[in-house]
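# Build the 3D model from these lines:
(one chain, ligands or ions: 3)
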Amino acid sequence: MSLEQKFKARVIKVKDILSWKTNNYLLYFNYDNEAFMNTGIQESGSTPFGASTTTGPAGKAIPGKIGMKQDIIEGFAFLGMQSAFLATASTAYPADFIGKVVEALKTPGAAFIQVLASCDRGWRHPINISNKVNKLAVDSGFWPLYTIRVKNGRPTYALNKKINYDTMEEKLIEYLNLMGRFRHLVKPEFKEQTIPLVIDAVKARADNVIKLVNTFGNPEHQLETYTVNFKEIPPQEILNPGHGLCQGCGCGMALNQLSLAAHWVAGKNIIVTNNTSCSEVSFSKDDVPNYKVPWVHHLFETCATTGDAIATTYRILKAKGLYKGEIPRVIAIGGDGSTYDIGFQFLKAALHRAGTFGIMNPLIKDIS
Ligand SMILES: Cc1ncc(C[n+]2csc(CCOP(=O)(O)OP(=O)(O)O)c2C)c(N)n1
Ligand code: SF4
Ligand SMILES: [Mg+2]
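Ligands and ions are numbered 1, 2, ... in the order given. Have a look, this model is predicted:
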């Protein structure tokens, strides 16, 4: 049975957000490919139930991952931050994606965007169907698109695309069938007992999101759509063409859309910190980074801490009159392994600092 989604709708023009005077200094951007891919497809806290990985391979003993995909964003919604912008996104819905990056970079405090990013190598699908895979993840209800704006400790939820329960099962089976990491699930020995559990897990998450939107949504507009005129977006100058990622890699598409949106907001006044991952090793071949802006690689799990330190240092220098320019926006990029597992405490603390201390501290709160 589907949950009530009789939401009031509003359309947000991305261009309007660009005129806001406010700025964000720390956006944490998680591209979630649901495993530690760079080191050989090991299971992470984000790997979904039933997916086969090299550390949880499907076979006679287990049907792939035992345990659910963790829902990380909800914890941030209820951290009690003063100001934060949190959202899920997908490259298959670029207006929504770009709108969210623009709003994140214009919202004071903390920002966290989580993009489900296909990995043809680890998900085991042909390279030419990446967009189809990413789109089906959203359309099946597996990856709901939604936004959470936190003000004075209170989260306000909005859904960005209605979840269609009528087609959920059919689309989910189509989704699973596209990828080798799930294909064992449709074999007779797993099919009857495991597929209903996969569907149930997806439905439970979708139900949670809708209940949160119903409970913590703005009654005036719980369904929000971003519109953008793509022709108005200038070519990005953050990344050089080419990269070392696999062909068809969802992370590459995500970083491309991120760069377009971030450049639109801040030009080249951006600093990137990058956790160790496919996004890091593939953009720093032979010690030559692909980035045209300052880019920092540090310990595996510390992009949020390093990014927060850089952003805060600029603000302190400006407050002391030692820096006269416009403060750069810091974008911290991490995969799911460093976001969910090894770097979680660094991320949680940095978001809280940016979303609370950073905007309450009387010495730096008005610095822009
Ligand atoms: C403290 C620490 N633990 C483990 C590693 C090894 N390591 C480097 S990249 C990586 C996988 C990263 O996975 P994820 O964050 O999901 O990014 P992806 O490779 O999937 O893009 C691991 C385990 C490390 N460099 N440092
Ligand atoms: S480069 Fe992309 S497709 Fe290749 S293993 Fe890494 S995330 Fe997967
Ligand atoms: Mg990963």
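
# ranges for the helices of the stretch 101-250 of the chain?
Applying DSSP state H, counting those that start in this stretch to the stretch 101-250 of the chain gives helices spanning 120-123, 130-139, 168-177, 180-183, 188-216, 250-266.

# mean pLDDT for those helices: which is lowest?
Mean pLDDT is lowest for helix 188-216 among the helices of the stretch 101-250 of the chain, at a mean of 92.

# Now that helix: buried residues?
Within helix 188-216, the residues scored as buried using 16 or more other CB atoms under 10 Å are 190, 194-195, 198-199, 201-203, 205-207, 209-210, 212-214, 216. For glycine as for every other residue, the C-beta is placed from the backbone atoms N, C-alpha and C.

# returning to that earlier point: wait, which of the helices of the stretch 101-250 of the chain is closest to residue 146?
For residue 146, the closest of the helices of the stretch 101-250 of the chain is helix 188-216, at 5.7 Å, according to CB to CB.

# Tell me the spacing between the closest residue to ligand 3 within the stretch 51-200 of the chain and residue 25.
Residue of the stretch 51-200 of the chain nearest ligand 3, by CB to the ion: residue 119 (7.2 Å). From residue 119 over to residue 25 the distance is 30 Å, taken as CB to CB, to the nearest Å.

# any weak-confidence spans in the stretch 51-200 of the chain?
Nowhere does the stretch 51-200 of the chain drop to pLDDT under 70.

# Quick check, residue 118 in contact with residue 133.
Yes: counting by CB atoms under 8 Å, residue 118 does reach residue 133; the two are 4.7 Å apart.

# and the spatially most central residue of the chain, what are its bridge partners?
Geometric centre of the chain, nearest residue: residue 114, 1.2 Å, by CA atoms, centre = their mean. Applying DSSP bridges to residue 114 yields these beta-bridge partners: residue 30, residue 88.

# which ones are touching it?
Contacts for residue 114 (CB atoms under 8 Å, 6 or more residues apart in numbering) come out as 30, 32, 72-73, 87-89, 339.

# between those residues, which is closest to ligand 2?
Lowest distance from ligand 2 to the contacts of residue 114 (CB to the nearest ligand atom) belongs to residue 32, with 10.4 Å.

# mind listing what that closest one touches?
Counting by CB under 8 Å, 6+ apart, residue 32 makes contact with 46, 114-117, 335-336, 339.

# Model confidence at it, what's the number?
If you check residue 32, the pLDDT there is 98.

# Pipe the contacts of residue 114 into a markdown table and attach distance to residue 361 per row.
Below are the contacts of residue 114 laid out as a markdown table (distance: CB to CB, whole Å):
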| residue | distance to residue 361 |
| --- | --- |
| 30 | 26 |
| 32 | 31 |
| 72 | 27 |
| 73 | 25 |
| 87 | 25 |
| 88 | 29 |
| 89 | 30 |
| 339 | 26 |
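
# Next, count neighbours for the nearest residue to residue 180 once chain neighbours are set aside.
Of all residues not flanking residue 180 in the chain, residue 124 sits nearest, at 2.8 Å (CB to CB, 6 or more residues apart in numbering). Number of residues near residue 124 (other CB atoms under 10 Å) recorded here: 16.

# How about residue 13?
A total of 13 residues lie near residue 13 under the criterion other CB under 10 Å.

# what does the model give it for pLDDT?
98.

# quick one: contacts for it?
Counted by CB under 8 Å, 6+ apart, residue 13 has contacts 226-228.

# please redo it, this time with the cut-off set to 6 Å
The neighbours of residue 13, taking CB atoms under 6 Å, 6 or more residues apart in numbering as the test, are residue 227.

# again with the one 4 residues further on
Counting by CB under 6 Å, 6+ apart, residue 17 makes contact with 102-103, 106.

# Over in the chain, which residue gets nearest ligand 1? Let me know.
residue 335 (2.2 Å).

# Which residues does that residue form beta bridges with?
According to DSSP bridges, beta-bridge pairing links residue 335 with residue 31.

# My read is that it contacts residue 274, right?
No: Residue 335 is beyond contact range of residue 274, at 9.8 Å (criterion: CB atoms under 6 Å).

# Counting neighbours, go ahead and name the busier of the two.
Neighbour count, other CB under 10 Å: between residue 335 and residue 274, residue 335 has more, with 30 against 26.

# State the distance from that one to ligand 3.
Distance, residue 335 to ligand 3, by CB to the ion, to the nearest Å: 4 Å.

# if we can go back for a sec, and the contacts of residue 114, which is closest to residue 141?
Once CB to CB is applied, the member of the contacts of residue 114 that ends up nearest residue 141 is residue 88, at 12.3 Å.
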